[in-house]
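Asks: okay, sequence plus prediction incoming.
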Amino acid sequence: MMLLSAFCLFLAVPRFQGPYPVLSGGVPIDVGTYSIPFVADWTQDGRKDLIVGQFDSGFVRCYPNVGPDSAPVFDGFFYLEASGERIRLPFS
């Protein structure tokens with residue numbers, strides 16, 4: 001009985017796969033070290049976009065999602081701007 005209980009517990013435990021790259025245009029997204037990802041509907045089209053801060057430059061990229069939220073597809077990016085200037089966060 002103990003073995004069966006342990007087996008059932010093993011089946012209930014989530015199993016995670018190894019890391020895999022997030023692609024944009026078929027190429028892995030690489031913004032340098034210490035990237036800070038965030039997901040939000042930035043483009044206000046009902047799909048969640050990928051927002052990524054860049055530690056090395058302080059700029060913030062937006063990768064618009066052109067696919068469904070259940071299987072997002074990213075194809076290119078743009079830098080976030082305010083008053084016509086790229087948003088740049090302090091970095092060091």
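Replies: Perfect, I can see it now.

Asks: ok, which stretches of this structure are helices?
Replies: Here the chain has its helices, by DSSP state H, at 2-12.

Asks: show me the strands in it, by range?
Replies: Using DSSP state E, the strands of the chain run over 23-24, 27-28, 36-40, 49-53, 60-63, 78-79, 81-82, 85-86.

Asks: for these, which one ends up most surrounded?
Replies: Mean neighbours per residue, mean count of other Cβ atoms under 10 Å, is largest over the strands of the chain for strand 60-63, with a mean of 21. (Each C-beta comes from the backbone N, C-alpha and C, glycine too.)

Asks: from the contact counts, what lies against that strand?
Replies: Here strand 60-63 touches strand 49-53, strand 78-79, going by 3 or more Cβ pairs under 8 Å, 6 or more residues apart in numbering; DSSP states H and E.

Asks: show me which residues of stretch 24-35 are buried.
Replies: By neighbour count with 16 or more other Cβ atoms under 10 Å, stretch 24-35 contains the buried residues 24, 29, 31.

Asks: and for stretch 68-75?
Replies: Within stretch 68-75, the residues that count as buried by 16+ other Cβ under 10 Å are 72, 74.

Asks: wait, residue 72 touches residue 64, no?
Replies: No - using Cβ atoms under 8 Å as the test, residue 72 is too far from residue 64 to be in contact (9.8 Å).

Asks: please name whichever of the strands of the chain is nearest to residue 13.
Replies: Taking Cβ to Cβ as the criterion, residue 13 comes closest to strand 36-40 out of those, the separation being 25.7 Å.

Asks: and the closest one with strand 49-53, angle?
Replies: Angle, strand 36-40 to strand 49-53, by axes from the mean of the first three to the mean of the last three Cα atoms, to 10 degrees: 150 degrees.

Asks: sounds good, over and out.
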